[in-house]
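In: Sequence plus the predicted model coming up.
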Amino acid sequence: MATVINRRLPTTIARPGPSPMEFPEPSEMDSSDLLGIRLGLPIQIPLLARMGMSTQTGLIYLGTWGFLSTLFFFAGLGVLTFAGIQQMQGNVPLLIKYFANVQIQPPEGLGMAPSLQQGGFWQINMVLWAASVTCWAFRCYERCIRFSWRPYLFFAYVSAILLTSTIWVFRPLVMGSWAEAPALGLNSDIDWAQNFSVLWGNLYYNPWHMLAIFFLFGSTMLWGMHGATILATAAEGSHKEVAEIKDMHSGSHKSMLFWRWTMGFNANPKTIHDWLYWFSVGVVLSSAIGIITTGPIVKDWYVWGVDHGWVQQYGPMTRDAINGTPQKPAVGINAEVQPGIPAGQGGY
């Protein structure tokens, strides 16, 4: 009699069908909140069961800070939509068609914008954005304190706020103009990133950018390794990570032995999360330092790389042409050569 082998990976996470609905009861930790209510109804998404996930989505708890954050977010979204409609002269179908190309530009200088169309919409949206993310950070901190957790979630979220604040607020303040910040829009972010790199001498030569990429690739590798390991040993309870941290069982022991024997990576259910936390936070912290130093401290990362032996100088570029104000190249047969710049070569 032939033996039938079950090729399905053993796991305690995947379920054959939707799990029973869970309606959490209000807890004492919610009662002191001004708006301690849960919103929505739980729904089942059966497709998630095929991917080994829990199928219930919802409810969601907002609380006072979460409610204020959501309010500011939708207010900013409304301002952004109204500004886009004005750019398209009230033509909503045209706005939908060219949605990715709509750009809400910041004003020149550090003062108030002269009008809504000349940076006012951008400034209003930035204020609403700051209010929204700040309230959400307070919500995260308040939830951690209510559950008697150490506020690692709060600090991780603040590190992400630090990077975005560096790009949209801190660096423009140091540079002396809001126009140094990206415009609001989908393509405008990409345009700003490209122009930022070209204007300041190739951001790839920025050592803080290199460190951020190291942390980015390293964190994705660690997350993939960790997720795959837990899924592989979930049948032995390794997915119950909080319990495994306190009292390790066979799933965690096998996970630790596997990585120790295969690549010498000695981690347990707690320390792997330390690695993941610092690698992930390192991405945004390194990026923030790289952004704030570009311009105020380093004018050209290519020149910096040449001066410090990181980059080999290429081409007959003169140092004056690189460090000086970019000038338009000479055009035409009888055009005079600009002083200090070889013929046919512009400021960059």
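Out: All right, it came through fine.
In: And stretch 252-270, what's buried?
Out: Of all the residues in stretch 252-270, those buried under the rule 16 or more other CB atoms under 10 Å are 252, 255, 256, 259, 267, 269. From N, CA and C alone the C-beta is placed, and that goes for glycine too.
In: Kindly report the same for stretch 148-159.
Out: 154, 157, 158, 159.
In: Most widely separated two among these?
Out: Maximum pairwise distance in the buried residues of stretch 148-159, criterion CB to CB, is 9.9 Å, between 154 and 159.
In: before we move on, the earlier item: okay, and which of the buried residues of stretch 252-270 map to helices?
Out: By the criterion of DSSP state H, membership of those in helices covers 252, 255, 256, 259.
In: between those residues, which is nearest residue 163?
Out: For these, the nearest to residue 163 is residue 259 (30.5 Å; CB to CB).
In: And the pLDDT at the residue nearest to that closest one when sequence neighbours are not counted?
Out: Distance criterion CB to CB, 6 or more residues apart in numbering; nearest residue to residue 259, sequence neighbours excluded, is residue 265 at 4.4 Å. We have a pLDDT of 80 for residue 265.
In: Give me the phi and psi for residue 36.
Out: Residue 36 adopts backbone torsions of phi -80, psi 70, taken as degrees, to the nearest 10.
In: What is the neighbour count of it?
Out: 16 (other CB atoms under 10 Å).
In: Just confirm it contacts residue 63, I think it does.
Out: Yes: between residue 36 and residue 63 there is a contact under CB atoms under 8 Å: 5.8 Å.
In: Name the residues of the host helix or strand of residue 75 that come out as buried.
Out: Using DSSP states H and E, residue 75 maps to helix 63-87. For helix 63-87, a neighbour-count test (16+ other CB under 10 Å) marks 63, 65-70, 72-73, 75-76, 79-80, 83-84, 87 as buried.
In: now swap in stretch 214-229 and tell me
Out: Within stretch 214-229, the residues that count as buried by 16+ other CB under 10 Å are 215, 216, 218, 219, 222, 225, 226, 229.
In: Is it possible to get those residues out as a markdown table so that each row also shows secondary structure?
Out: Formatted as a markdown table, those follow (DSSP: H, G, I helix; E, B strand; the rest coil):
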| residue | secondary structure |
| --- | --- |
| 215 | helix |
| 216 | helix |
| 218 | helix |
| 219 | helix |
| 222 | helix |
| 225 | helix |
| 226 | helix |
| 229 | helix |
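In: And the residues you listed, which is closest to residue 58?
Out: Looking across these and measuring by CB to CB, the closest to residue 58 is residue 226, at 26.9 Å.
In: which residues does that closest one contact?
Out: 272, 276 (CB atoms under 8 Å, 6 or more residues apart in numbering).
In: Distance check, it against residue 281.
Out: Distance from residue 226 to residue 281, counting by CB to CB, to the nearest Å: 16 Å.
In: cool, and residue 161?
Out: 12 Å.
In: Of those two, which one has the most company?
Out: The neighbour comparison of residue 161 against residue 281 (other CB under 10 Å) goes to residue 281, with 19 against 15.
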